[in-house]
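1. Whatever this is, show me its structure:
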Amino acid sequence: MKKKAFFLVVALLAVIAAIVMYVVGKDSSHLSELKDFWWYPLPLAALCLLAAMAGKKEN
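-> Numbering: from 1, shown residues only. Presented below is the predicted three-dimensional model:
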């Protein structure tokens with residue numbers, strides 16, 4: 001159960017990071033690279049979600 005919760009938290013943080021990168025990069029001309037690369041954390045989120053769902057079912 002702890003492993004599943006860990007992967008879910010990491011996935012949630014990666015999605016939040018992507019959203020923050022997009023919002024901050026959209027508003028600032030000095031940080032426009034963030035808008036260009038906002039999607040970089042999303043594969044990590046997908047892998048963590050897959051890892052969380054692939055765990056054994058516990059009763």
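2. Please make it C-alpha for all contacts and neighbour counts, starting now.
-> Fine.
3. roughly how far out does the helix-or-strand element of the chain with minimal mean pLDDT sit from the chain middle?
-> Sorting the helices and strands of the chain by mean pLDDT, DSSP states H and E puts helix 32-36 at the bottom, at a mean of 91. From the chain centre to the centre of helix 32-36 is a distance of 16 Å (C-alpha atoms, centre = their mean, to the nearest Å).
4. Tell me which residues are up against it.
-> 21, 22, 23, 24, 25, 26 (C-alpha atoms under 8 Å, 6 or more residues apart in numbering).
5. okay but the fifth one is in contact with residue 31, surely?
-> Yes: using C-alpha atoms under 8 Å, residue 25 is in contact with residue 31, at 5.1 Å.
6. So for these two, which residue has more residues nearby?
-> Set side by side, residue 25 and residue 31 show more neighbours around residue 25, with 19 against 14, by other C-alpha atoms under 10 Å.
7. Quick check, pLDDT for residue 14.
-> pLDDT, residue 14: 97.
8. So which other helices or strands are in contact with the helix or strand it falls within?
-> Using DSSP states H and E, residue 14 sits in helix 2-27. In terms of contacts (3 or more C-alpha pairs under 8 Å, 6 or more residues apart in numbering; DSSP states H and E), helix 2-27 is packed against helix 32-36, helix 41-53.
9. Name the residues of the first one that come out as buried.
-> It stands for helix 32-36. Neighbour counts over helix 32-36 (16 or more other C-alpha atoms under 10 Å) mark 32, 34, 35 as buried.
10. Repeat that for the last one.
-> Burial within helix 41-53, assessed by neighbour count using 16+ other C-alpha under 10 Å, is assigned to 41, 42, 44, 45, 48, 49, 51, 52.
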